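Q: coords please:
(one chain, ligands or ions: 2)
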Amino acid sequence: MEGAPARGDLYLEGDRIAAVVPGDPAPPWAGRVEREIDAASYWILPGLIQTHLHLCQTLFRGVAEGRDLCRWLQEVIWPWEAALEPETIALAAEAGIRELLAGGTTTILDMGSTRHTEVILETAARLGIRGFFGPALMDRGPEPARPLLRPGEESLRELGELARRWEGAENGRIRLALCPRFVPSVSDGLWRELASSTEFAGLPIHTHGSETQEEVREVERLTGKTPPAYLAGLDGAQGRIKMAHGVWLSAEDRNHLHRAGTAVVHCPGSNLKLASGLADVRTLRREGITVGLGADGAACNNRLDAFSELRLAGYIQGLLHGPESVSAAEILRLVTLEGARVLGLEDQIGSLKAGKCADLVLLDPHLSDNPWAAGDGWESPEAFLVFAGGRELVRETWIAGRPVYRREANDLVDEAQDRNYRAARRRLAERAGYA
Ligand code: GUN
Ligand code: ZN
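A: Ligands and ions are numbered 1, 2, ... in the order given. A predicted model of the protein is given here:
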């Protein structure tokens with residue numbers, strides 16, 4: 001059964017899964033494979049999917065501690081984003097993508113900053129990750145946001161250029177997303193133009209919403225509605241909105257999300273780190289709302305590890321609904337098939353199934369901090385992964401039939417590149433007025 005643990009053989013052909021045996025018949029060429037990997041002691045998962053990230057914030061990790069969302073954005077994140085230049089955003093994207101690949105994440109929904117998105121796209125294309133990318137759109141905001149703001153027409157023009165160059169690039173691996181940052185930073189006129197534009201009708205709309213009580217109050221002040229009610233009222237946005245956080249939601253808000261086909265991305269690490277609150281994923285799921293999972297940015301987490309998010313998601317659901325409510329297999333689906341559904345890619349990624357993209361993670365349970373406990377005697381392998389797993393288990397990550405990370409190559413330890421990351425951080429600190 002798709003999704004259930006099973007022992008068998010996985011056949012890849014080109015960028016696709018050709019067969020999962022038993023279940024599928026072995027392909028006719030099974031006796032003449034080009035390369036065979038003995039993965040008998042490994043576990044293979046579909047590549048993990050994180051549906052809310054900010055690669056542009058990777059070099060800001062650890063510089064914005066001890067703040068709630070509003071202070072975090074205004075005092076640090078917006079000034080640091082405004083300090084980004086093509087060279088520094090390229091390094092931020094590279095550091096983030098390398099960390100994600102090393103942790104088994106193969107597909108992301110990323111929100112850039114307001115400028116230099118083409119650099120993020122070039123880096124993603126080069127490093128092999130799959131995902132949706134787009135500039136954060138901001139055309140209004142308080143003083144600290146000013147250097148980031150761009151007039152709507154300018155953003156729309158740039159989006160058109162980016163979409164023509166990048167939508168579907170790299171054999172469909174690179175896609176574009178519209179990323180109005182959140183309701184307070186985008187004017188009503190721009191929201192409506194984005195949602196109703198025929199040019200961008202095929203693109204998902206990626207935003208933040210109902211993250212903190214303060215943000216909900218601000219949206220009510222600006223629009224007379226809560227974030228889900230406001231988003232549900234945008235013509236042309238039906239089924240396209242992916243709203244990160246969804247912490248502060250009333251029953252009526254959930255109704256709006258459901259009616260408008262808005263997916264929610266749970267960001268437990270970020271919600272806890274910024275003390276935003278506890279999102280009730282189980283109730284959302286029971287009411288038929290699609291839910292994915294994401295680390296958010298490195299500056300509010302401070303990891304980009306899907307396994308950390310899974311564990312926190314499990315803990316929070318247990319706290320809210322009792323430990324008996326937590327099925328590790330269901331939690332794991334947030335970064336596999338449910339994540340794929342958030343992106344409308346459920347027929348392409350999110351499970352090991354013939355015809356889907358060959359996006360895989362090879363996990364070696366013996367790389368665990370407690371190798372003697374790895375997997376043996378556990379009620380389920382999913383419980384091991386969710387409650388004892390971590391990115392240290394990842395032996396190899398494959399995307400579109402190609403290895404993009406190998407532990408032996410130790411891709412994360414690269415002294416020259418680490419020096420570049422450190423220098424870029426110093427430059428950003430100087431430019432943001434923090435040095
Ligand atoms: N709301 C608006 N922008 C952001 C952001 O960059 N991160 C988070 N967590 N929330 C936001
Ligand atoms: Zn975010």
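Q: Show me the helices in the stretch 1-150 of the chain, by range?
A: Counting by DSSP state H, counting those that start in this stretch, the stretch 1-150 of the chain has these helices, from start to end: 69-71, 78-83, 86-102, 117-127.
Q: Now that we have those, can you turn them into TSV and tack on mean neighbour count?
A: In this view, the C-beta of every residue, glycine as well, is placed from N, C-alpha and C. Formatted as TSV, the entries for these read as follows, by neighbours: other Cβ atoms under 10 Å:
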stretch	mean neighbour count
helix 69-71	16
helix 78-83	23
helix 86-102	24
helix 117-127	20
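Q: Quick one, which of the ones you listed gets closest to ligand 1.
A: Nearest to ligand 1, of all the helices of the stretch 1-150 of the chain, is helix 69-71, at 5.7 Å by Cβ to the nearest ligand atom.
Q: what comes into contact with the closest one?
A: Helix 69-71 is contacted by residues 211-212, 214-215, 274, 276 when judged by Cβ atoms under 8 Å, 6 or more residues apart in numbering.
Q: I figured N301 was touching P268, is that so?
A: No - applying Cβ atoms under 8 Å as the test, N301 and P268 come out as separate, 9.5 Å apart.
Q: Which one of those two is surrounded by more residues?
A: Remark: of N301 and P268, P268 carries more neighbours, 28 against 25, as counted by other Cβ atoms under 10 Å.
Q: can you tell me which residues contact that one?
A: When contacts are counted by Cβ under 8 Å, 6+ apart, P268 touches 279, 293, 309, 312-313, 315-316.
Q: Tell me the pLDDT of the nearest residue to it once chain neighbours are set aside.
A: Of all residues beyond its chain neighbours, the one nearest P268 is L312 (3.7 Å), with distances taken as Cβ to Cβ, 6 or more residues apart in numbering. With respect to pLDDT, L312 has a value of 98.
Q: part of a strand, is L312?
A: No - counting by DSSP: H, G, I helix; E, B strand; the rest coil, one finds L312 to be helix, located in no strand.
Q: Now do it against ligand 1, distance only.
A: Summarising the geometry, the distance separating L312 from ligand 1, computed by Cβ to the nearest ligand atom, to the nearest Å, is 15 Å.
Q: Neighbours of that residue, how many?
A: L312 is flanked by 24 other residues according to other Cβ under 10 Å.
Q: burial of the residue nearest to T114 when sequence neighbours are not counted, as a residue count?
A: Ranked by Cβ to Cβ, 6+ apart and with sequence neighbours excluded, the top spatial neighbour of T114 is L148, at 4.6 Å. L148 has 21 neighbouring residues, counting by other Cβ under 10 Å.
Q: shouldn't L148 be in contact with M138?
A: Yes - with contact defined as Cβ under 8 Å, L148 and M138 form a contacting pair (5.3 Å).
Q: separation between the residue of the stretch 301-435 of the chain found nearest ligand 1 and V326?
A: Nearest residue of the stretch 301-435 of the chain to ligand 1: N301, at 9.2 Å (Cβ to the nearest ligand atom). N301 sits at a distance of 22 Å from V326 (criterion: Cβ to Cβ, to the nearest Å).
Q: what residues does the stretch 151-300 of the chain put near ligand 1?
A: Proximity of the stretch 151-300 of the chain to ligand 1, by Cβ under 6 Å from any ligand atom, involves residues 181-182, 208, 211, 270, 296-297, 300.
Q: Which members of the residues you listed occur in helices, if any?
A: By the criterion of DSSP state H, membership of those in helices covers S270.
Q: check contacts around the residue nearest to T114.
A: Shown here is L148, whose contacts under the criterion Cβ under 8 Å, 6+ apart are 78, 81-82, 113-115, 136, 138, 141.
Q: contacting residues around the residue in the chain positioned nearest to ligand 1?
A: Among the residues of the chain, H208 lies closest to ligand 1, at 3.9 Å counting by Cβ to the nearest ligand atom. Contacts were defined as Cβ under 8 Å, 6+ apart; by that measure H208 touches 181-182, 215, 243-245.
Q: Please enumerate the strands of the stretch 1-150 of the chain.
A: The residue ranges that make up the strands of the stretch 1-150 of the chain, judged by DSSP state E, counting those that start in this stretch, are 9-13, 16-21, 43-46, 48-54, 105-110, 130-133, 136-137.
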